[in-house]
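Chemist: Need a 3D model of the sequence below.
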Amino acid sequence: MASCYPHARGRPFPRRGGGFGRTNIFGTPPSPDLDENGEEVVAEEEGPKNEVKFLESRYDGNGYPTLIERGTSPPTKDQCDKWGNYTFRCTQYFNELNIAYQRTIDIYSKPVLQALKEMIVDYPGTSFSTATVTLTFPLEVLWHYQDELNELARKETGKESELGQHLDVLMKFLNDEFAPINREFKNLTDQGLITNDLLWTLFKPGILVYTTVLGQPRVLRLKAFGRHPSGHYASLQATYIDYDGTMFGKAVTDLTVMSFEGTMDVKELSVMPLDRHPTKDDVIKRLVERGTKFVSLQGAHCKKYNGTAAGSAFFGISRVSVNGRVMIDANTHAIFNPGEAKRLVNLNKVENQKSHDPNYNEYDEWSGNHHRGVFGTPGMGMAVPCEDFADSSHTKKHLDLTDEQKLLCNAVVPGFTLGNKKWLQFYVDDLQDVVWNTESFSKLVLPETTKELISGLVESHINEESHFDDFVEGKGKGLISVLHGAPGLGKTMTAETVAEYTKSPLYTVSAGSLGTEPLTVESNLERILQLCTIWKAVLLIDEADVYLEQRSLHDIHRNALVSIFLRLLEYYHGILFLTSNRVEIFDEAIQSRIHIAIKYNELTADARVQVWKNFIQKVESSGTETAIVEKDYQELALLELNGRQIKNATRTALGIADRRGEKLGLGHLKIVLDIVDAFEKDMRDYPKVL
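Modeler: Have a look, this model is predicted:
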């Protein structure tokens, strides 16, 4: 018996079966049809009918939508749904102005639904697991799978199975419906074109798409295609593979294709199917190579970078020019920037779930309070346990991916600039290996015994050959050196050469950037020490006098600074260089924490000759010829300059020579040295302001 069931105004929906009807203004089902004696009229129950029943939903005289057969007039009174026994029902919907606005097809055939459920496992917004499925025209999901459905129908032909019979009816209907779309689609795509109305035909969920993000070529796997309600653009959701510092996982991002008039060359779309890219093979090869490099960046790595990096800004992203060394470390980035931590679905979890549950939809993993970041990566504020600081990413087992997965890897990685101390996103393609200058240590203008002492202490510390420890565990394991003397004598260069010699990143910070308030200093210094511990970096704190000065009974503020500084240094495990020009004012407690103190005296004439040679040889090693001969060094050494002044003079003279198109010679250096000498005289003769 057919039943009457309520439906939503303007569009019916099924309840507990296949019946459709409507509700009155009170939301209750309509009264049943009654005969002349007041008895309910019971419709004769009919068997299932394997055909497509064409219906219309129109407004009746009372202003309610009701289902009728196509081509008939709306009834004058309530009626029950008479067509619940058809395998397929195609319904045209009309609004109050009698204008058609939508068509749907209802699929009641159980064998067809089961076949669709097995064939179409993961299609956004559509599930074939319900008793009845209603699809809206132009039936994108069935159009994308028409070849598979026609092939299944051919296989079932002759078996006299219920599935074959039902598919035969459905595919005759669908093939007639899709014929005009197929003709237009073929005509356009054969010419490499597409229209805005047929844009959806290019984007079958699950295919690989090509686009550019932040100017970088990207391949992503399409998750869903839809139109924005405004109609101004198409919205695509796609997945890619990223790394959060602990695992590789899938992330989701949004892409857009702006609406257009007429036809558009597919190659000019902001997003296109990868199969339609004119140089598909080259794109795949390049991106797999980039993905291989992306995978190799697990853990922490010191790299050379020369290019533009991307950072977060209030109105989107900012572009920062970087030329120097950077630390690539996704895990530490997540620890220090929890608001930008990536939310990923573990690749192993996805594969395991799919193998055990064919109906598993990985997109559900992203539901919740996530947001999509400006780099195409989802982010959320995730707390990271403090013990992660002790989990050295250098020792973790590296994971690997297949070539197909590498193709989908992100084009940027998070890292930290050792120059201007910023967390940014760096393009994988622009990252280069660091060429360590391990010979620079030998260029230091220091007594050989001093250099031997420094190298011995550093090597022993790095190799952890010494098992000596403080009575309190974890205390006093660092290597702290004080470099003191006048400016320009090589204090900073010593720290730089030690970093090169040990192939370690160098983290340089001036005392002024740490602050002068005790709480600020403690917070900043603690963060820096944590970073240097994780990265095994050489730390240089330049001009650290303010934190080393003798404490007194009358200056509580300065006492607090020194106490905080001493306490944090006590538990630091890395290599630390402190530079100072006033060692005589050191607090006594500093002396007990120093492993080595090196005094830098004024350069002798022989030392100045060596410094000049070091910088001239550096110019020549870069491929630039010079006209400097051995006897010139003796003349250059007559002017009492420090190392920094010699470096600056060499650089300036080289600029003069390049401008003239000449080789760097003694004459160019004299031009600069005469100016330096005049300036030195002015400095000596000018009265000092007290």
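
Chemist: Give me the mean pLDDT for stretch 95-109.
Modeler: Per-residue pLDDT over stretch 95-109 has a mean of 92.

Chemist: That one: how far from the chain's middle?
Modeler: Mean-position distance between stretch 95-109 and its chain equals 43 Å (Cα atoms, centre = their mean, to the nearest Å).

Chemist: Show the low-confidence segments of the stretch 251-400 of the chain, by residue range.
Modeler: Under the criterion pLDDT under 70, the flagged ranges of the stretch 251-400 of the chain are 349-397.

Chemist: and after the lowest-mean-pLDDT helix or strand in the chain, which helix or strand comes next?
Modeler: Least confident helix or strand, the chain: strand 378-379 with a mean of 35, by mean pLDDT, DSSP states H and E. Going down the chain from strand 378-379, the next helix or strand is helix 403-407, by DSSP states H and E.

Chemist: List the buried residues in that next one.
Modeler: Within helix 403-407, the residues that count as buried by 16 or more other Cβ atoms under 10 Å are 405, 406, 407. C-beta: built from backbone N, CA, C; applies to glycine.

Chemist: so what secondary structure elements neighbour it?
Modeler: Packing partners of helix 403-407 (3 or more Cβ pairs under 8 Å, 6 or more residues apart in numbering; DSSP states H and E): helix 280-296.

Chemist: What lies in contact with the helix it packs on?
Modeler: Outside of helix 280-296, the residues within contact range by Cβ atoms under 8 Å, 6 or more residues apart in numbering are 210, 217-219, 241, 243, 248, 274, 277, 398-401, 403, 405-411, 413, 428-429, 431.

Chemist: before we move on, what about stretch 223-233?
Modeler: Here stretch 223-233 makes contact (Cβ under 8 Å, 6+ apart) with 124-125, 140, 200, 203, 205, 234-239, 252, 256-259, 363.

Chemist: Let's see that with 6 Å instead.
Modeler: Stretch 223-233 is contacted from outside by 124, 200, 203, 205, 234-239, 256, 258-259, using Cβ atoms under 6 Å, 6 or more residues apart in numbering.

Chemist: Repeat that for stretch 453-466.
Modeler: With Cβ under 6 Å, 6+ apart as the test, stretch 453-466 has contacts from 479, 498, 502.

Chemist: Please spell out which residues along that stretch are buried.
Modeler: Using 16+ other Cβ under 10 Å as the burial criterion, the residues of stretch 453-466 that qualify are 454, 455, 457, 458, 461, 462.

Chemist: which SS state does the first one fall under?
Modeler: Spelled out, that is residue 454. When classified by DSSP: H, G, I helix; E, B strand; the rest coil, residue 454 comes out as helix.

Chemist: Lowest-confidence one in the contacts of stretch 453-466?
Modeler: Looking at the contacts of stretch 453-466 by pLDDT, the weakest one is residue 479, with 85.

Chemist: give me every residue that touches it.
Modeler: Contacts for residue 479 (Cβ under 6 Å, 6+ apart) come out as 457, 461, 575, 595.

Chemist: quick one: residue 478 from residue 574, how far?
Modeler: In this view, residue 478 and residue 574 are 6 Å apart by Cβ to Cβ, to the nearest Å.

Chemist: if we can go back for a sec, in helices only, show me the contacts of stretch 453-466.
Modeler: Counting by DSSP state H, the part of the contacts of stretch 453-466 found in helices is 498, 502.

Chemist: hmm, back to that, could I get the contacts of residue 479 as a markdown table with distance to residue 491?
Modeler: Formatted as a markdown table, those follow (distance: Cβ to Cβ, whole Å):
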| residue | distance to residue 491 |
| --- | --- |
| 457 | 17 |
| 461 | 19 |
| 575 | 15 |
| 595 | 16 |
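
Chemist: Can you list which of the residues you listed are found in strands?
Modeler: Counting by DSSP state E, the contacts of residue 479 place residue 575 in strands.

Chemist: Taking the contacts of residue 479 together, which two end up most distant?
Modeler: Pairwise distances across the contacts of residue 479 (Cβ to Cβ) peak at 9.8 Å, for the pair 575 and 595.

Chemist: These two: which is more packed in?
Modeler: Neighbours were counted for residue 575 and for residue 595 using other Cβ atoms under 10 Å; residue 575 has more, 26 against 14.

Chemist: Now do the more buried one against residue 654, distance only.
Modeler: Residue 575 sits 33 Å away from residue 654 when distances are taken as Cβ to Cβ.

Chemist: again, but for residue 589
Modeler: Residue 589 is 46 Å from residue 654, where distance means Cβ to Cβ.

Chemist: Comparing those two, which shows the higher neighbour count?
Modeler: A direct count of neighbours by other Cβ under 10 Å for residue 589 and residue 654 places residue 654 higher, at 21 against 15.

Chemist: quick revisit: what subset of the contacts of helix 280-296 is buried?
Modeler: The neighbour-count criterion (16+ other Cβ under 10 Å) marks 210, 218-219, 241, 243, 248, 274, 277, 401, 405-411, 413, 428-429, 431 among the contacts of helix 280-296 as buried.

Chemist: Go ahead and list the helix or strand containing residue 174.
Modeler: helix 162-189.

Chemist: tell me what that helix is packed against?
Modeler: strand 49-59, helix 110-119, helix 146-156 (3 or more Cβ pairs under 6 Å, 6 or more residues apart in numbering; DSSP states H and E).

Chemist: For the next helix or strand after it, which strands pair with it and how are they oriented?
Modeler: Once helix 162-189 ends, the next helix or strand along the chain (criterion: DSSP H and E) is strand 193-195. Sheet pairing of strand 193-195 (DSSP bridges) gives strand 263-265 (antiparallel).

Chemist: can you list contacts of the strand it pairs with?
Modeler: 192, 193, 194, 195.
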